[in-house]
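>>> Need a 3D model of the following:
(one chain, ligands or ions: 1)
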Amino acid sequence: MTTTRFAPSPTGYIHVGNLRTALMNYLIARKAGGTFILRIDDTDPERSKEEYVDAIKRDLEWLGLHWDRVERQSERLDRYAAAADALRDAGRFYEAFETPVELDLKRKKQLNMGKPPVYDRAALALSDDERAALRAERGQGVWRFKLDHARIEWADGILGDISIDAASVSDPVLIRQDGQVLYTIASVVDDTEMGVTDVVRGSDHVTNTATQIQIIEALGGTAPRFAHHSLLTGPQGEALSKRLGTLALRDLRERGVEPMALLSLMARLGSSDPVELRSDMAELIDGFDIGRFGSAPTKFDEADLFPLTGRYLQGLPLSAVADQIAELGVPDALAEPFWTVTRENIETLHDLQGWWDLCRDGADPVIEDEDRDFVAEAMALLPDAPFDGGTWGAWTAAVKDATGRKGRGLFMPLRKALTGQAHGPDMAALMPLLQVVKAR
Ligand code: GLU
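Sure thing, here's the model as predicted:
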């Protein structure tokens, strides 16, 4: 039975980078008819906030990424303590007392000598007396997992065959000096006990994966299938890390991005398949294949979300947006023609407000100097509102007869006089919605 999880730390709002992880895990589970767990990685009591847990749930619900159950690491601390005991009993866990400053010094020395900055395992050589003395002097140490210095290998779902020399990695700290259990072991215990079969996460976790595979084995578990997606960059390939804060899902929602536009983009970006706008989750699940993703950094341009949102909206029937249209104050009788006329001319539903303002109040006319007399003459020929579907045709024919203008020279000045813009909906369809014409 396929089981995946999305495991955010509730220390901030989730952004497009996190979404990639959530979505891939979600799609794998749904495609296989399996289970998708939302796991809240809240082992850090200082940085974890309930407000962020709520926000993460709201973001996922907005996108329709429904989870089958929620787990919280803060409620499973006894399980992690038991695993730590098991590692201790197996001789794979040791206490180390170096201060961060000492560790930093060691690293610098190693780098100066051209060596990789790997923890030198000095703590392993301590005698019982030395350890007791250090503990008396410095208090509790940190607990490190003793890696087996062999090659760690796995077939990565995205990166292919990976082989990492364990000797090139520091023995990971699993318990901090203050007793706080770290994610590295908590995650392994959860993945094993919850039967997680597939883990997709960012490629910044590759080294974690190597150490976690050994921890899983030391605890008698079986490693899940791992896949590491590439990190997102900006459109020019620049690092996105600093800007991710402004790419929070809640901000995109507020800016009017539609869930299916965002999901369609993220389900394909970085894969060898083109981005295709999907109309629902079933299509998204159907068209997803983790094997199509590559290891190269993935360029993300938030600007792509808006045309996709526009295209998604164009395909919607009135019933899907009727509430929003009613909220604008559009009379029921005009809702259908209003939607038909505007949906081709919006990127987000926020844009409807501008079109309704224009219909209700009239636009400030834009009239070029050379068109002044022409527009004045045309306006004198325009019948009074309300207009209907035939108004534009009949009016422009009359204006053409009176002025001799035709084509673009006829239509464009009239469009700009009535809408204040050079582009927009079909004028014949727009006229019946115009309640006021300011150009008179
Ligand atoms: N809480 C971890 C993170 O957000 C989870 C990583 C994982 O998928 O194991 O980076």
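>>> who in the stretch 201-350 of the chain is up against the ligand?
R201, H205 (Cβ under 6 Å from any ligand atom). To be clear about C-beta, it is placed using only N, CA and C from the backbone, and glycine gets the same treatment.
>>> what about the nearest residue to Y183 once chain neighbours are set aside, neighbour count?
Among residues not flanking Y183 along the chain, D41 sits closest, at 5.8 Å (Cβ to Cβ, 6 or more residues apart in numbering). D41: 21 surrounding residues under other Cβ atoms under 10 Å.
>>> residues touching D41, list them.
Contact analysis of D41 by Cβ atoms under 8 Å, 6 or more residues apart in numbering lists A7, P8, S9, P10, Q73, Y183, A186, S187.
>>> can you do 10 Å?
D41 sits next to 5-11, 48, 71-74, 183, 186-187, 190 when contact means Cβ atoms under 10 Å, 6 or more residues apart in numbering.
>>> Same check on G220?
Counted by Cβ under 10 Å, 6+ apart, G220 has contacts A86, A90, T192.
>>> so which helix or strand takes in the residue in the stretch 201-350 of the chain that the ligand sits nearest to?
Per Cβ to the nearest ligand atom, R201 is where the stretch 201-350 of the chain lies closest to the ligand, at 3.8 Å. Element membership of R201, judged by DSSP states H and E, is strand 198-202.
>>> Show me which residues of that strand are buried.
In terms of neighbour count (16 or more other Cβ atoms under 10 Å), strand 198-202 has its buried residues at D198, V199, V200, R201.
>>> ok, what's across the strand from the first one?
When bridges are taken as DSSP bridges, the partners of D198 come out as R225.
>>> Neighbours of Q324, how many?
Q324: 14 neighbours (other Cβ under 10 Å).
>>> Can you tell me the closest non-neighbouring residue to it?
Nearest to Q324 is L349, by Cβ to Cβ, 6+ apart, at 5.4 Å.
>>> okay but that neighbour is in contact with A322, surely?
No: assessed by Cβ atoms under 10 Å, L349 is found out of contact with A322, at 11.8 Å.
>>> Neighbour count for those two, which is higher?
Each of L349 and A322 has its neighbours counted (other Cβ under 10 Å); L349 has more, 19 against 15.
>>> Please confirm that the more buried one is located within a strand.
No: L349: not assigned to a strand; according to DSSP: H, G, I helix; E, B strand; the rest coil it is coil.
>>> Quick one: residues contacting it.
G256, E258, T309, L313, L316, V321, Q324, I325, E327, L328, T342, R343.
>>> Mind putting those into JSON lines with pLDDT and secondary structure?
Listed next are the contacts of L349 as JSON lines, based on pLDDT from 0 to 100; DSSP: H, G, I helix; E, B strand; the rest coil:
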{"residue": "G256", "pLDDT": "97", "secondary structure": "coil"}
{"residue": "E258", "pLDDT": "98", "secondary structure": "coil"}
{"residue": "T309", "pLDDT": "98", "secondary structure": "helix"}
{"residue": "L313", "pLDDT": "98", "secondary structure": "helix"}
{"residue": "L316", "pLDDT": "97", "secondary structure": "coil"}
{"residue": "V321", "pLDDT": "97", "secondary structure": "helix"}
{"residue": "Q324", "pLDDT": "96", "secondary structure": "helix"}
{"residue": "I325", "pLDDT": "98", "secondary structure": "helix"}
{"residue": "E327", "pLDDT": "97", "secondary structure": "helix"}
{"residue": "L328", "pLDDT": "97", "secondary structure": "coil"}
{"residue": "T342", "pLDDT": "96", "secondary structure": "helix"}
{"residue": "R343", "pLDDT": "96", "secondary structure": "helix"}
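>>> Tell me the one of those nearest T209?
Taking Cβ to Cβ as the measure, T209 lies nearest E258 of the contacts of L349, at 34.1 Å.
>>> Spatially, which residue comes closest to that closest one, not counting chain neighbours?
E258 sits nearest to T309 (Cβ to Cβ, 6+ apart), 4.5 Å away.
>>> Next, count neighbours for the one you found.
27.
>>> Hmm, it is touching P259, no?
Yes: with contact defined as Cβ under 10 Å, T309 counts as touching P259 (9.4 Å).
>>> Now the common contact residues for these two.
Common neighbours of T309 and P259 (Cβ under 10 Å, 6+ apart) are L252.
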